[in-house]
Structures are given as C-alpha cells and as structure tokens.
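Participant: Attaching a predicted model along with its sequence, questions to come.
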Number of protein chains: 2
Amino acid sequence: MINSFLMIGQSNMAGRGYLTDVKQIYDEKIKMLVNGRWQTMTEPINFDRPTSGIGLAASFAGAWRLKNDQEEIGLIPCADGGTSLDDWADGGVLFENAVLQTKLALRTSKLNGILWHQGENDSFAGLSDLYYDKLNIIIDAFRRELKAPDIPFITGGLGDYLSGGRYGKYFTEYNQVNHALQKLAETKPNCYFVTANELTANVDGLHFDAISLRRFGVRYFNSFFDKKNILVPPADENMLIEIIQDRVLTKKDQAALLEIDFAIGKMSLADLEEKLALLNRQSI
Amino acid sequence: MINSFLMIGQSNMAGRGYLTDVKQIYDEKIKMLVNGRWQTMTEPINFDRPTSGIGLAASFAGAWRLKNDQEEIGLIPCADGGTSLDDWADGGVLFENAVLQTKLALRTSKLNGILWHQGENDSFAGLSDLYYDKLNIIIDAFRRELKAPDIPFITGGLGDYLSGGRYGKYFTEYNQVNHALQKLAETKPNCYFVTANELTANVDGLHFDAISLRRFGVRYFNSFFDKKNILVPPADENMLIEIIQDRVLTKKDQAALLEIDFAIGKMSLADLEEKLALLNRQSI
C-alpha cells in the first residue's frame, strides 16, 4: 500500500524551480499520481503551467524515503498557480478536483498527509485579515470530504523576498498571511507551520528557486515526521539534500532513465541498447 | 461558452512528438483544462509522462479555429500512455478520471466531441478479436455518464510503422485493430475513423513524430467537421498546418509568451521589460 500525500496550494507548491539548478531525484519507490494511476516520480510533478519545474514535494518524498527504506510514497499533485483561498473554497473546481484525485488515489494508497503552500494571492487588499478563517474552513472541508478528520496538514511560510523585486509592491500583507498560518498551526489540531527563512527566489522575485525548494521539502518532512512546527532552518538540511540526491540508483532506475532519454530523442537506439547491455552486465 | 473536446486513449493521443520538430501553436482562444480550470494551450497538453510532447490535439484545435474565428475551444487531456481497453473500462480510474475532468469542464464549456487514439496495447495475444466489442461498450459508457448520447467519437488508425522497429514484433495484430476501428465507424452512430496513412514515427518506431501528429490533427478535424470518415490523406493538410502554425500572434499572445520565457529563466527582467515596452508601442 502506497503512502500518499496530497499537494495543494498555488505556484510555490506546484514548483517553479529551474530543472537544471539541482540534481534529479529518481527512485522507483517515489510515485506520483497521473490520470488516477501511479508512476515513478519525475519533475515537474505538478504540471499546472508550462513554467512548472522543481517543487518542494520531491525532496519531501526523498526525506520520507530515508526513514521508510522499504515503503513506497505517492504524491497527488493538485496545486494551481496564482490561486487565492476563494479559488480553493469547498465546491469550487480546484477543491473538487483535489478531492476526486485523492479518492482515485485512495483505491491503491493510504492518505498520510496534506501539503499546503499558498498565500501570495491573499497578500493584498485586506485579504490577509480573512486568511485564518477562510483556510480554517477549507481544511475542515478537505478533512470531512476525505473522511480523514485528523490528517496532518503541513503549511509553509511565504518568502521574505516577496517584499522586493518586480512584483514586490503587490504583496504588502505577506507577513500577515505568515502570522495567520502560524496561528492556525498553534490553534488547530494536527496543523503545522514550516518557516521559509533563508529561502531565496528566482529572478522573478516571486517563486522559490530550486535549491530553496529542496530545503523547504526537507523542512516539510521534518515537520510531518516530528509532528511539530519548524521555526528555525534545520542545521543538517543541505547535508540531507545531498544524501537524497546522491542516492545510488538501482539498475531498474537506471534503465528507466535511459528509456526516457531514448523516447525523447536524446539517445539513438544503438546507444540505448549498448547502455542497457552494459547495465545488465553490472553486478549491482 | 468554451467548446470542449475530451482527449482519451494511450500515448499517441497524449502525444510524443518532439517539441523542437514543429512550430508552436499558441492562440489565447485555444484552451486546455488543468486542475478543472482553463488556461491557454501550450504543448505538451497531455502531460502523462516525462516523455510527452506534441500531440494531435493542437493542430485539431488550430484547424477548428480556422472555421470558428470568434469562438473558443477547450481541450480536456485524459490520455495515458501504455493503456489497454481493459484499463479504460467503466469504473476504472482512467474512465472515472476522464468523466470527472469532463464534468468539471462542463461547468464552463459545452462538450463538442471525444477524440480517441488507442490500440497498440490491444494488438497482440488475440486481444484484437475483442476490440470492437470492448470499445463499443466503453463509448456507450462515456456517452451515458456524460449525458451526451450523440456526441461525436473520432478515432484514428494505428501507424503502419508498427510492423517494424524495436517493438515491431509485439504488434502483430495492429491491422485487425484498425479494421475493428473502421467497423465501429461504419456501424455505430456518430463514430468516425481517420486514416494514419503516410504518417511516420519517432526513432522508437512506436510513436508518431511531431509533423505526423500535426497532420493527424487536421484529419481528425476534417472528420469532425464533415462528420465522415477520412480514409485518404487530405491533399491540403500540409498547407493547413502552415496556416495554423503561422497565424499572426496577438499582442496579448506575444506578451504571454514573453512572460513564460522570463518565468523559466530564459530571459532577464531587463530584456523582458524592454520587449514588453516594444510590443506596447506596436500598432497591431
């Protein structure tokens, strides 16, 4: 039985880190849901826009695997860029889609938690005043619809870079949103908050960069694993990222990656066959 | 109201053409459904695998737009690579996902048709004998669940290249599948068949190449528009592809493409702002 996690929120949950900025995480025991079926995770996991890339869920899953050597994890990608809490209200298409995808996933998995990152689109025009109440209602609705009243709900802070950059003038209330997220973590059972301290952005000043998302994912996992808020960046997070990214690939993993390169035209058939033959002669 | 089309089947409906082999089709009046919401179409539309790329639906939509100058079209991508008719049976996750996505789409669109390409995974071990009956039942189930008893159902042939190449020995019954698809088109109301004659494959010998999928999409549109089978490649299909691909972009389209290039790190902020300013000074 796969241990599944629902990914919801806006672009920084979907992920906009550049694919070329970090090493790939590939592990046949890390799955993602596509069309209701599980396949080995590749990034982008949450392909909500042509700009989607590295997200926090990959290193979250990698950290989970370090603690669950024989188990499988499955990610259910339902985040959508530029969406507000009103867009996520019970009965709306985003909510319905996330519930339906999770129900399809539950045919072959057990829901372990919900990963949430959102708030940029509620950081202006007084919307932050309503953040606590609105998100509180949304969490209750997900828990009710998924029949998971105690399911851990992990949230993360908005980046401090939001005050600068091209879009900086729009996000005048991002600090209030962060306070609302922390207050939820303090007052609502099984809700947790993860700090975005020290994390940096792409040149757009809007989206976490790839390495920051690797760090954020490890923090999200620490929060899930210890069932507590993460208010200070863990000292060992960069070391953990190296361990996750440098995991030795199984022969099956290596063969699968070669098949992908061949299918997208990066490798000739002769090269593929030579490399697969080489792989098969290796002892491990 | 958007005019929507459901895309179902296996990899050649999802699309595995190389993105670099053809010109981009970009038109704010061509939408695709993601997370239950509409956004301007970019390829890959149907991101079911890391290998997904150009599919037939983009030129289908482009051809539709040539006949519907003021209207919007929306694609609902639900195809999944390597799937058999049994995988598509009523009640399975692929079927349920496609129905649910279409129902979300129907909140803001009117279903105009269903585009189907599948059969490679029923082209061996005697499975082709059951193809007609199994697909017949699946079509009825979709029409029933979507409350669209007369909805056009457009199918396309499997490529003749399947007999050769790396995987050729597996697809011993692809001709029988093509016959079953043609028989369905002849016997079932509002079902049509589109020939894959002259279409060629990627080096894998398994997937249509990008330019073939552009041609295939135009054929699917001709079939939909004229409500008839397309048994001979249309003489003007390459000309139509050029017209579709060379459509003059609106200023809004051009700005959106610049924003994408900026968001993925292909362009600096200074370059983006300069190009946007230039664009705004243009008369058209």
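Facilitator: Nice, thanks for sending it over.

Participant: Low-confidence regions, chain A specifically.
Facilitator: A:283-284 (pLDDT under 70).

Participant: Ramachandran coordinates for residue A:117?
Facilitator: Note on residue A:117: its backbone torsions stand at phi -140, psi 120 [degrees, to the nearest 10].

Participant: whoops, residue A:44 was the one
Facilitator: Note on residue A:44: its backbone torsions stand at phi -70, psi 140 [degrees, to the nearest 10].

Participant: so who does it touch?
Facilitator: A:14-15, A:19, A:52-55 (Cβ atoms under 8 Å, 6 or more residues apart in numbering or on different chains). In this view, the C-beta of every residue, glycine as well, is placed from N, C-alpha and C.

Participant: same question, residue A:109
Facilitator: A:1-4, A:38, A:74.

Participant: Can you turn the buried part of those residues into a PyMOL selection?
Facilitator: Typed into PyMOL, the line below selects the buried ones among the contacts of residue A:109, using 16 or more other Cβ atoms under 10 Å in any protein chain shown:
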select buried, chain A and resi 2+3+4+38+74
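
Participant: ok, the contacts of residue A:109 vs chain B, which is closest?
Facilitator: Of all the contacts of residue A:109, chain B sits closest to residue A:38, with 9.8 Å by Cβ to the nearest Cβ.

Participant: Would you mind listing what in the stretch 151-284 of chain A touches chain B?
Facilitator: Residues of the stretch 151-284 of chain A lying close to chain B (Cβ under 8 Å from any Cβ of the partner chain) are A:166, A:202-204, A:207, A:260, A:262-265, A:268-269.

Participant: Name the nearest residue to residue A:222, ignoring sequence neighbours.
Facilitator: Nearest non-adjacent residue to residue A:222, counting by Cβ to Cβ, 6 or more residues apart in numbering or on different chains: residue A:230, 5.4 Å away.

Participant: wait, what's in contact with the residue in the stretch 101-250 of chain A that chain B sits nearest to?
Facilitator: Closest approach between the stretch 101-250 of chain A and chain B, counting by Cβ to the nearest Cβ: residue A:104, at 5.0 Å. Applying Cβ under 8 Å, 6+ apart, we find residue A:104 in contact with A:33, A:36, B:93, B:96-97.

Participant: what does residue A:149 give?
Facilitator: Applying Cβ under 8 Å, 6+ apart to residue A:149 gives the contacts residue A:143.

Participant: ok but it is inside a helix, no?
Facilitator: No. The assignment for residue A:149, made by DSSP: H, G, I helix; E, B strand; the rest coil, is coil rather than a helix.

Participant: Torsion angles phi and psi at it?
Facilitator: phi -60, psi -20.

Participant: Skipping its backbone neighbours, what lies nearest residue A:252 in space?
Facilitator: Sequence neighbours aside, residue A:28 is the residue nearest to residue A:252 in space, at 5.9 Å (criterion: Cβ to Cβ, 6+ apart).

Participant: Ok, residue A:29 next?
Facilitator: In space, residue A:29 is closest to residue A:72, 4.7 Å off (Cβ to Cβ, 6+ apart).

Participant: My guess is that neighbour contacts residue A:39. True?
Facilitator: No. Shown here, residue A:72 and residue A:39 do not form a contact pair, counting by Cβ atoms under 8 Å, at 11.9 Å.

Participant: Mutual contacts of these two, please.
Facilitator: residue A:31.

Participant: Can you show me the strands along the stretch 101-250 of chain A?
Facilitator: Secondary structure of the stretch 101-250 of chain A (DSSP state E, counting those that start in this stretch): strands at A:109-117, A:153-156, A:191-194.

Participant: nearest to residue B:185, of these?
Facilitator: Nearest of the strands of the stretch 101-250 of chain A to residue B:185, taken as Cβ to Cβ: strand A:109-117 at 38.9 Å.

Participant: Report the buried residues of that closest one.
Facilitator: For strand A:109-117, burial by neighbour count (16+ other Cβ under 10 Å) applies to A:109, A:111-117.

Participant: and residue A:277, how many residues sit next to it?
Facilitator: If you count neighbours by other Cβ atoms under 10 Å in any protein chain shown, residue A:277 ends up with 9.

Participant: same question, the one 4 residues further on
Facilitator: If you count neighbours by other Cβ under 10 Å, residue A:281 ends up with 7.

Participant: where's it relative to residue B:176, distance?
Facilitator: As judged by Cβ to Cβ, to the nearest Å, residue A:281 and residue B:176 stand 39 Å apart.

Participant: related to what we said a few turns ago, Three-state assignment for the residue nearest to residue A:252, please.
Facilitator: Going by three-state DSSP: residue A:28 is coil.

Participant: and it, what does it touch?
Facilitator: Each residue near residue A:28 by Cβ under 8 Å, 6+ apart is listed here: A:40, A:250, A:252-253, A:256.
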